[in-house]
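Participant: 3D, please:
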Amino acid sequence: MNPPSTQFTRIVPPNSCKVIRAFGDEIALHLTGAETDGKYTLFTSVSPPGGGPPPHYHLNEDETFFVLEGRAEFFKDGVWAEVPVGSVVYTPRGVVHTFRNAGQTHLKLLVSTAPSGFEVFFARCEEVLSKPGPPDMPRIIQIAAEHGIHFV
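Facilitator: Next comes the predicted model:
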């Protein structure tokens, strides 16, 4: 018989998530590495019309997106493709990708990254982006690189 697990079932009620605001998006952290023993992070991302990150790749995480609301377009193999609500998009580490809100209302995605750690990147960027004045993009690029995220 296996020893009892030190992990336990987690229930995250609505509106109890830590929210990070960075890059014009609102990220609600449902599960972080602290709750998943570093295995993955689960969050909801809400982007305004036209929102979305520049093309990039991750050295550390695989990323999975589930389109909950809005008009999503994903950059795949060098071209943009509209992805309807209810679709899942999986991007393994090392693959250039991005998404954008192609609609006139918010885009809501459920995102999972494995392993965890992506939430730390967002929190560090929120700290830099919340300072008065124009964003310190060299610092953002440095933070991204420290987390294995590279823009192309």
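
Participant: State the distance from G50 to R100.
Facilitator: 7 Å (C-beta to C-beta, to the nearest Å). Backbone N, C-alpha and C define where each C-beta goes, glycine included.

Participant: Between these two, which is the more surrounded one?
Facilitator: R100 (19 against 12; other C-beta atoms under 10 Å).

Participant: Which helix or strand contains that one?
Facilitator: strand 98-101 (DSSP states H and E).

Participant: Low-confidence bits of this protein, can you list those?
Facilitator: 1-6 (pLDDT under 70).

Participant: if you set the cut-off to 80 instead, what comes out?
Facilitator: Counting by pLDDT under 80, the low-confidence segments of the chain come to 1-8.

Participant: could you pull out the strands for this structure?
Facilitator: 18-22, 25-31, 41-47, 56-58, 62-69, 72-76, 79-83, 88-91, 98-101, 107-114, 149-151 (DSSP state E).

Participant: between the ones you listed, which one is nearest to F8?
Facilitator: F8 lies closest to strand 25-31 among the strands of the chain, at 12.9 Å (C-beta to C-beta).

Participant: Contacts made by the longest helix seen in the chain with the rest, please.
Facilitator: In terms of residue count, the longest helix belonging to the chain (DSSP state H) is helix 118-129. Helix 118-129 has contacts (C-beta atoms under 8 Å, 6 or more residues apart in numbering) with 20-23, 27, 29, 32-33, 41, 43, 58, 61, 63, 135-136, 139-140, 143-144, 147, 149.
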